[in-house]
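Asks: Kindly generate the corresponding structure for this input.
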Amino acid sequence: MHRWERLENLGDVYTARTGHTVVNEGGVFYLFGGTDGSARQSDAHAYNLETNLWQEVQAQGRPPPARSGAQAVVWNGSVWFFGVSKIG
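Replies: Sure thing, here's the model as predicted:
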């Protein structure tokens, strides 16, 4: 049987958004981009299932342009985000 359960958000909680992409790697969900209703975003956040904790991901290099509608895959232990960016 399936059930809904509300979890309290802990840590670096991102703004509510649509058009984001999410992928799971080793019990951690990685979220990237999307729009929060005012602008497209280029941030990444990680949610750890064991600790119930959100953390903003601080990656090296220049982040990609803000986008929504991107896709994500896990390949060889790395998370790859790619896809649509803002047009116009």
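Asks: which outside residues touch the helix or strand of the chain with the lowest mean pLDDT?
Replies: Least confident helix or strand, the chain: strand 78-83 with a mean of 85, by mean pLDDT, DSSP states H and E. Contacting residues not belonging to strand 78-83 are listed as 21, 23, 25, 30, 32-33, 44, 64, 67, 69-74 [Cβ atoms under 8 Å, 6 or more residues apart in numbering]. (Glycine included, C-beta is placed from N, CA and C.)
Asks: let's see it at 7 Å
Replies: Strand 78-83 is contacted by residues 21, 23, 25, 30, 32, 67, 69-73 when judged by Cβ atoms under 7 Å, 6 or more residues apart in numbering.
Asks: Could you find the residue nearest the spatial middle of this structure?
Replies: Nearest to the geometric centre of the chain sits Leu31, at 0.9 Å (Cα atoms, centre = their mean).
Asks: Go ahead and confirm that one touches Gly19.
Replies: No: contact criterion Cβ atoms under 7 Å: Leu31 and Gly19 do not qualify, at 11.3 Å.
Asks: Just the C-alpha atoms of the least confident helix or strand of the chain, please, in PDB.
Replies: The C-alpha trace of strand 78-83 is given here as PDB (Å, rounded to 0.1, in the frame of the first residue of the first chain):
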ATOM      1  CA  SER A  78      28.400  11.300 -11.900                       C
ATOM      2  CA  VAL A  79      25.200  13.400 -12.300                       C
ATOM      3  CA  TRP A  80      24.800  15.100 -15.700                       C
ATOM      4  CA  PHE A  81      22.300  17.900 -16.400                       C
ATOM      5  CA  PHE A  82      21.600  19.000 -19.900                       C
ATOM      6  CA  GLY A  83      18.900  20.500 -22.100                       C
END
